[in-house]
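A.B. asks: with the sequence up front, the predicted model follows.
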Amino acid sequence: MTIDLAIFIGLALISILTAISMLLSRDAVYSALFLVLNFLAVATLYLLLHAAFIAMVQITVYAGAIMVLFLFVIMLLGPSRDKLGGPFRWQLPVAVILGLGLIAEMALMLTARSDALPAGAAGLGEVFGSPASVGKLLFSEYLVPFEVTSILLLVAMVGAIILTHRGKQKGL
Amino acid sequence: MNVPTSYLIGLSGILFSLGVLGVLIRRNTIVIFMSIELMLNAANLAFISFARMMAPAVDALRGQVIVFFIIAVAAAEVAVGLALIVAIFRNKETVNIDEVNSLQG
């Protein structure tokens, strides 16, 4: 087993186990913290896959900003321990069967191909995936989508403020 | 990292399926939302893996640019979604999705 494969298996195990723990932990705070760990493991995978810029964005935006927002809302709404199941008793087994079916189908699709997808070319320089190269693409070819993203974020911000604003209007 | 791309796509598929499972079995709206984030993350991993597979080609970098946009859209989605959850909590005093079953505010 090469060192690369060992690192990959370690990171894959961490990300899968944290995802399962996120699903099973009763407390939403623990779920959020497990999800942070999952994002960090995936960010490490991005680093190893020559996507340094995306790895940093993943850590700052996902593991940083988004999860802090999640934790903030969990703390704001107070602890609520929910039990699995709920009013529909058949829901849990059906969901597990469907989820396992999805995994089996994906595994079948991956193994049914006689030729496995190859690894990328070795000996890639530091240019590929560096902030400079991604930034150059973002500000030249993808300039319009990039600017539209800023409008999207502005709209989301205004929407979030309006939804949570306790104004004179009734209801919201 | 010199690992066959199939492995990475397999990991991405497993993470996506776990996200689907989370949406189906959990009743807490916030955890359901986190599962959606997990699915988005799995899709991002697939994009990055394919970008690595096609690596020396110039077009391969577009995969990473798409991931950047997905992360931006996810951030917007989280802001609006959590605001909705807070608004629902103010009206219903619950985040349990089974108790949010009427369109009346």
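C.D. replies: Ah, there it is.
A.B. asks: C-alpha only now, for contacts and for neighbours.
C.D. replies: Will do.
A.B. asks: poorly predicted segments of the chain, please.
C.D. replies: Just going to use chain A. A:79-88, A:114-116, A:167-172 (pLDDT under 70).
A.B. asks: wait, chain B
C.D. replies: B:104-105.
A.B. asks: quick one: distance of the longest helix seen in chain B to the chain centre.
C.D. replies: Identified as the longest helix of chain B according to DSSP state H is helix B:61-92. Relative to the chain's own centre, helix B:61-92 is displaced by 9 Å; criterion: Cα atoms, centre = their mean, to the nearest Å.
A.B. asks: again with stretch A:10-22
C.D. replies: A distance of 12 Å separates the centroid of the chain from that of stretch A:10-22, by Cα atoms, centre = their mean.
A.B. asks: buried set for the host helix or strand of A:Thr149?
C.D. replies: In this assignment (DSSP states H and E), A:Thr149 forms part of helix A:143-164. If you call a residue buried by 16 or more other Cα atoms under 10 Å in any protein chain shown, then helix A:143-164 has these buried ones: A:Phe146, A:Thr149, A:Leu152, A:Leu153, A:Ala156, A:Met157, A:Gly159, A:Ala160, A:Leu163, A:Thr164.
A.B. asks: which ones among those residues also lie next to chain B?
C.D. replies: Within the set of the buried residues of helix A:143-164, contact with chain B (Cα under 8 Å from any Cα of the partner chain) is found for A:Phe146, A:Thr149, A:Leu152, A:Leu153, A:Ala156, A:Met157, A:Gly159, A:Ala160, A:Leu163, A:Thr164.
A.B. asks: run through the residues that contact the first one.
C.D. replies: In this structure, A:Phe146 makes contact with A:Leu138, A:Phe139, B:Phe69, judged by Cα atoms under 8 Å, 6 or more residues apart in numbering or on different chains.
A.B. asks: shouldn't the last one be in contact with A:Thr149?
C.D. replies: Same thing as B:Phe69. Yes. Assessed by Cα atoms under 8 Å, B:Phe69 is found in contact with A:Thr149 at 7.4 Å.
A.B. asks: work out for me the element the residue nearest to the spatial centre of chain A sits within.
C.D. replies: By Cα atoms, centre = their mean, chain A has its centre lying nearest to A:Phe39, at 5.9 Å. Per DSSP H and E: A:Phe39 is located in helix A:28-48.
A.B. asks: which elements pack onto that helix?
C.D. replies: Here helix A:28-48 touches helix A:3-24, helix A:52-57, helix A:67-77, helix B:29-53, going by 3 or more Cα pairs under 8 Å, 6 or more residues apart in numbering or on different chains; DSSP states H and E.
A.B. asks: what sits closest to B:Asn28 if chain neighbours are left out?
C.D. replies: Spatial nearest neighbour of B:Asn28, chain neighbours left out: B:Asn96 (4.9 Å); criterion: Cα to Cα, 6 or more residues apart in numbering or on different chains.
A.B. asks: also A:Ile20?
C.D. replies: B:Leu18 is the one closest to A:Ile20 (Cα to Cα, 6+ apart), at 7.0 Å.
A.B. asks: just list the residues touching the one you found, thanks.
C.D. replies: Counting by Cα under 8 Å, 6+ apart, B:Leu18 touches A:Ala19, A:Ile20, A:Leu23, A:Gly99, B:Ser35, B:Met39.
A.B. asks: okay if I get the residues you listed as JSON lines plus distance to A:Val73 and neighbour count?
C.D. replies: Formatted as JSON lines, the contacts of B:Leu18 follow (distance: Cα to Cα, whole Å; neighbours: other Cα atoms under 10 Å in any protein chain shown):
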{"residue": "A:Ala19", "distance to A:Val73": "20", "neighbour count": "26"}
{"residue": "A:Ile20", "distance to A:Val73": "22", "neighbour count": "20"}
{"residue": "A:Leu23", "distance to A:Val73": "18", "neighbour count": "26"}
{"residue": "A:Gly99", "distance to A:Val73": "28", "neighbour count": "22"}
{"residue": "B:Ser35", "distance to A:Val73": "16", "neighbour count": "28"}
{"residue": "B:Met39", "distance to A:Val73": "21", "neighbour count": "23"}
